[in-house]
Each structure stands twice: as C-alpha cells, then as structure tokens.
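J.: no sequence on this one, just coordinates:
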C-alpha cells in the first residue's frame, strides 16, 4: 500500500501556472493585510504613547501629593496592564516580507515533494501528511490508491 500511496502522491504535481497564480493571489492578500496592520499598528503606537504620558502625569500627581496612595495604585495598575497589552500586540506585528516569502516558498516546496516527504516520514508523519492533503478517505483497490473526487488544485 505504501507504494500505491507514493505513486498517487507522485502524480500530484502543482502546475507551474497554478503555482504562479497562487503566489500572486497570496501576495495580494498579504499586501492588503499588511496595509491594515500598519493602520492598526499606528493606532496602537499612538495609544501606547498616550498611556505612557498618562502614567507620567499620574506619577507627578502622586509625588505632588495631589492623589491618595490607594487611588494611585489602582490607576497605575490599570495603566500598566493596558501598556503591557499594547506592547504585546505591537511585538507580534513584526512578521516581515522576507519571512512571508520564505514561508510561502517552503509551503510550495512541500507541494512539489509530497511523495518524497511521505517516503521519508515515520508512520505518524505519513498519517498527518495524508490527513492534511486529502479531505476524503483514500481508497485502496489492492493495487492503486485514489480518492472519490480529484483534487482541483493539482488539475
């Protein structure tokens, strides 16, 4: 059965035209997402600056004895929480164009080499590969493997 699965995976090759079209579509989607993220990032940076300014003003109020310790601690804790949350949001938005291209090319490389990846994987890896490649069960007729429907990506 392994040879039959390898044979089926070997037949699944992404046509160059389909691969190029896929790259262009993903690039357009990625660029639109980056534009949206830059807008969100700008708002987050502005908000972070505002919160830091408020924190400094709160410190000044406390040092000038214009605010009680209990009130200061409550407001300071809330400001710290908001600042930490925004810093976390900003730190996750560092995905770069180079990373994107690297991951896209790696994914397309996997599609090109499904049969080799299957051959060189352990049983669990083979199971995961087949489960993520075929949405339906594989049918083994004693000689060949197939699915009920053809996979449109590879046509």
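T.: Okay, I see it. Please read all numbers here as calculations on a predicted model, not as lab measurements.

J.: Would you mind measuring from residue 54 to residue 100?
T.: Residue 54 sits at a distance of 36 Å from residue 100 (criterion: CB to CB, to the nearest Å). C-beta coordinates here come from the backbone N, C-alpha and C atoms, glycine included.

J.: Residue 11: how many residues sit nearby?
T.: Residues near residue 11, counting by other CB atoms under 10 Å, number 12.

J.: If you could redo that for residue 45, that was the one I meant.
T.: Around residue 45 there are 12 other residues, counting by other CB under 10 Å.

J.: What helix or strand is it located in?
T.: helix 16-63 (DSSP states H and E).

J.: now that helix: mean pLDDT?
T.: For helix 16-63, the mean per-residue pLDDT is 86.

J.: Spit out the contact partners of the residue nearest to residue 119 when sequence neighbours are not counted.
T.: Closest residue in space to residue 119, ignoring its immediate chain neighbours: residue 6 at 6.0 Å, by CB to CB, 6 or more residues apart in numbering. Residue 6 is in contact with 115, 118, 119, counting by CB atoms under 8 Å, 6 or more residues apart in numbering.

J.: now swap in residue 5 and tell me
T.: Under the criterion of CB under 8 Å, 6+ apart, the contact list for residue 5 reads 118, 126, 130, 138, 145.
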